[in-house]
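J.: Have a look at this prediction, sequence included:
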Amino acid sequence: MPPPYISPGTQYAKEVTKVAEDISKKDVVIIGCESHSSSAFQALSSYVDSYIRDNNVADITTKYSIVPEIVMKRIAHAYQRESYEVLIFVKGNCIGSDGDFKKFNDSGLFLKALEPKEYDIIVIGGGSGGLAASKEAAACGKKVAVLDFVKPSPIGTTWGLGGTCVNVGCIPKKLMHQSALLGHSINDARRFGWSVPKDGISLDWIKMKDAIQDHIAGLNWNYKVQLREKNVKYINGYGEVTGPFEVTATDKKKKKTVLRADKILVSVGLRPKYPDIEGAKEYGITSDDLFSLPYNPGKTLCIGASYVSLECAGFIKGIGNEVDVMVRSILLRGFDQDMAERIRKQMIDEGVKFISAVPTKVEEIKPRDDDFPGLYKVYGVGVKEDGSKEEFVGEYNTVLFAIGREAKTFDIGIKNQNVLMSDNGKIVGLNGGEQSVTMPYIYAIGDVLQGCPELTPVAIHAGRCLMRKLFNGTLETTDYNKIPTTVFTPLEYGCCGLAEEDAIKKYGKDNINVYHNVFTPLEYTVPEKREIKHCYLKLICLKNEHDRVVGFHILSPNAGEITQGFAIALKLNGRKEDFDNLIGIHPTVAESFTTLTILKKEGSDELKQSGC
């Protein structure tokens, strides 16, 4: 639900600003709603005053206010609360209603919360979200410590400050994707008049890998410099919550340092899963290892139907290796399945082979070393169309597992502090927000937060937004809907909003219009690229809201750049007519969204390729 609207400059708006500032600056703030009985407000205020006095707690600032209902609703919305009668904040943490405060106090946490501490916030995890939050909190004038420690992968891979995206995710993935695209472009150059060696081109894996790792090392260094410049305490130690408001950091020499803060932010991200089969950890690798391998991976089996699996398969094939992808069932679960099937067909045209099976064992034939990949035999079981089982055996130089990622939160002590987590280790936020539903001084952002899209920009935005709310008196919250993303397969897939099947499930098939078409990028025409027949786009629209666009999908070169620009239209509830009235830039791929007229109907899916 959106927050109640309050016109800027009005008395209500001024009251909201004043209350928000008090929450971020005072030690204890109690607000009551003037349209409700004041008994709860008065009782809570009196109790807090008596408690502070009786326990001789010094230098505590308080603020108690009765506010109009619309002001209370605006504050409650910003802190994901539903109770409007009375709310109490301690050191900027929203404890909740008088009933919530009683539980907080009965557990001894109120007195501990009032005790002075070395830091305003401790951030566990130095990835994109954690670093963004740390720097934002410091910019608000707060004392901040950030802890980061990378446990080596099963084959010993580790990396520097910056988290998954920078070291073993988005950055090296996109650069290797670009390397593969450049190889194709060099071959295409012949048709544009360039002289290319007749004996073909080849990739030097070591040169590519070293160049990418050098870039990453520069980023690692810059992050440390930025933290130092912003007076953020950086500790290269493994963080564990060892008590209320307490974190213990253990460095690589097993030295322990105990830190205390008013708030603790968990932003530890996820790590790749391994299947529970013989030889998986001994002989397989994951995306944690791929980008720093000291050798070309050679013939590769990518196991998994995730976007990580398909992206890795795409660029490994693109740089000249044989690649198979082993999948149990559907590709890209959670994405639009029409688009997923189009990606599968395009990758098959690229020479990637898809195997429908589940791995059961990995055996070593020849061990890997620092110069060459090993050789491994992979066993699996598939199911034929008639339902009978089919044995699979194949030999590969590299076996890459990309079957999903998991949280490692069970190892950082938060469960012992009564932090509610899902079965897969993700922290459950209060009403979809970042604050723990059970422990008000603990927060989570990024992949480790239950229900949060597992995307780097989401973690960064949420981290900054949360810090501004907690420390600077703003009431902005992160909207986790209509977030654009891109799968960097050889032909990129960009999307924003709902998948077609999800839109039908949510709104009903009869209330959905799907406008779609195929198209030909101009730059593909001269070299007559195979990808031409796979370029496709569609808009999913809601009929009873004048064709409001609820889903945006495109399979094309540079889909990420296109999707980023159009995402604002969905964020602003744009309609199909807004796309129709937009004047395109010619000749571009993106202009195809301004000329969509074909409605998708059952039994009439044939589309004709068109271009400039």
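T.: Received, thanks. Residues are numbered from 1 along each chain as shown.
J.: Wait, Asp578 touches Phe566, no?
T.: No. Asp578 lies out of contact with Phe566 (CB atoms under 8 Å); the separation is 10.4 Å. The way it works is simple: take the backbone N, C-alpha and C, and place the C-beta from them, glycine included.
J.: Settle it for me: which of these two has more neighbours?
T.: Phe566 (21 against 15; other CB atoms under 10 Å).
J.: and the more buried one, which of the three is it?
T.: What DSSP: H, G, I helix; E, B strand; the rest coil gives for Phe566 is helix.
J.: Quickly note the distance from it to Ile460.
T.: 21 Å (CB to CB, to the nearest Å).
J.: Same question for Asp447.
T.: The gap separating Asp447 from Ile460 is 12 Å, by CB to CB.
J.: between those two, who's got more neighbours?
T.: Asp447 (26 against 21).
J.: Do you know the pLDDT at the more buried one?
T.: pLDDT, Asp447: 98.
J.: I'd say it and Val266 touch.
T.: No. Using CB under 8 Å, Asp447 makes no contact with Val266, being 10.8 Å away.
J.: So in terms of bridging, what pairs with the closest residue to Tyr79 other than its chain neighbours?
T.: Nearest residue to Tyr79 in three dimensions, chain neighbours excluded: Cys94, at 4.1 Å (CB to CB, 6 or more residues apart in numbering). Note on Cys94: beta-bridge partners Phe89, judged by DSSP bridges.
J.: Show me the contact partners of the lengthiest helix in the chain.
T.: Criterion DSSP state H: the longest helix present in the chain is helix 205-229. With contacts defined as CB atoms under 8 Å, 6 or more residues apart in numbering, helix 205-229 is touched by 126, 131, 134-135, 146, 159-162, 166-167, 171-172, 175-176, 179, 233-234, 291-296, 319.
J.: Look up phi and psi at the residue nearest the centre of the chain.
T.: Centrality entry for the chain: nearest residue to the mean C-alpha point is Leu455, 2.0 Å, by CA atoms, centre = their mean. Backbone torsions of Leu455, given as degrees, to the nearest 10, read phi -140, psi 140.
J.: Contacts only, for it.
T.: 483, 485.
J.: Check the one 10 residues further on too.
T.: Taking CB under 8 Å, 6+ apart as the contact definition, Cys465 lies against 476-478.
J.: again, only using 10 Å
T.: Taking CB atoms under 10 Å, 6 or more residues apart in numbering, we find Cys465 in contact with 132-133, 136, 434, 445, 474, 476-479.
J.: just Gln564 next, same as before
T.: 457, 484-486, 494, 496.
J.: if we go to 7 Å?
T.: Pro484 (CB atoms under 7 Å, 6 or more residues apart in numbering).
J.: do you know how far it is from Cys452?
T.: The gap separating Gln564 from Cys452 is 20 Å, by CB to CB.
J.: Would you list the phi and psi of Asp336?
T.: Backbone geometry at Asp336, expressed as degrees, to the nearest 10, gives phi -60, psi 120.
J.: hang on, it packs against Glu500?
T.: Yes. Using CB atoms under 7 Å, Asp336 is in contact with Glu500, at 5.5 Å.
J.: Looking at those two, which has the bigger crowd around it?
T.: Using other CB under 10 Å as the criterion, Asp336 and Glu500 rank with Asp336 on top: 23 against 20.
J.: Can you name the next helix or strand after the longest helix of the chain?
T.: strand 233-235 (DSSP states H and E).
J.: which other helices and strands contact the longest strand seen in the chain?
T.: For the chain, the strand that runs over the most residues, judged by DSSP state E, is strand 256-266. Contact analysis of strand 256-266 by 3 or more CB pairs under 7 Å, 6 or more residues apart in numbering; DSSP states H and E lists strand 119-124, strand 246-250, strand 442-444 as its packing neighbours.
J.: For Leu293, grab the count of nearby residues.
T.: 18.
J.: ok, so what distance separates it from Ile285?
T.: As for Leu293, its distance to Ile285 is 8 Å (criterion: CB to CB).
J.: Give me the contacts around stretch 20-35.
T.: Under the contact criterion CB under 7 Å, 6+ apart, stretch 20-35 has outside partners 19, 38, 41, 44-45, 48, 60-69, 72, 75, 84-92, 114, 470-475.
J.: Now, of these, which are buried?
T.: 19, 41, 44-45, 48, 60, 63-68, 72, 75, 84-92, 114, 470-475 (16 or more other CB atoms under 10 Å).
J.: how does the protein divide up, domain by domain?
T.: Annotated domains of the chain cover 11-114, 119-272+406-472, 280-403, 485-594 [automatic domain parsing].
J.: For whichever strand or helix holds Tyr51, name the packing helices and strands.
T.: In this structure, Tyr51 sits in helix 39-54 according to DSSP H and E. Under the contact definition 3+ CB pairs under 7 Å, 6+ apart, helix 39-54 sits against strand 28-33, strand 62-67, strand 86-90, helix 98-106.
J.: In JSON lines: those, plus mean pLDDT.
T.: Shown next, in JSON lines, are the helices and strands packed on helix 39-54 (pLDDT from 0 to 100):
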{"stretch": "strand 28-33", "mean pLDDT": "97"}
{"stretch": "strand 62-67", "mean pLDDT": "96"}
{"stretch": "strand 86-90", "mean pLDDT": "97"}
{"stretch": "helix 98-106", "mean pLDDT": "96"}
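J.: Could you point out which of these sits nearest Ser388?
T.: helix 98-106 (57.2 Å; CB to CB).
J.: Buried ones in that closest one, by neighbour count?
T.: Judged by neighbour count (16+ other CB under 10 Å), helix 98-106 contains these buried residues: 98, 100-101, 104-105.
J.: any idea whether Leu332 is helix, strand or coil?
T.: coil.
J.: since we're on it, how many residues are nearby?
T.: 21.
J.: cool, and Ser287?
T.: Ser287: 23 neighbours (other CB under 10 Å).
J.: likewise the one 4 residues further on?
T.: Burial of Phe291, expressed as a neighbour count using other CB under 10 Å, amounts to 22.
J.: packing partners for the helix or strand hosting Lys538?
T.: Mapping Lys538 onto the secondary structure by DSSP H and E places it in strand 536-542. Packing partners of strand 536-542 (3+ CB pairs under 7 Å, 6+ apart): helix 500-507, strand 512-518, strand 548-556, helix 576-580.
J.: How are the helices of the stretch 301-450 of the chain distributed by residue range?
T.: Per DSSP state H, counting those that start in this stretch, the stretch 301-450 of the chain carries helices over the ranges 307-318, 337-349.
J.: Columns distance to Cys140 on top of these, output as TSV?
T.: Formatted as TSV, the helices of the stretch 301-450 of the chain follow (distance: least, CB to CB, whole Å):
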stretch	distance to Cys140
helix 307-318	35
helix 337-349	41
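J.: Make a PyMOL selection of the buried ones in the contacts of helix 205-229.
T.: Buried subset of the contacts of helix 205-229, written as a PyMOL selection, criterion 16+ other CB under 10 Å:
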select buried, resi 126+131+134+135+146+159+160+161+162+166+167+171+172+175+176+179+233+234+291+292+293+295+296+319
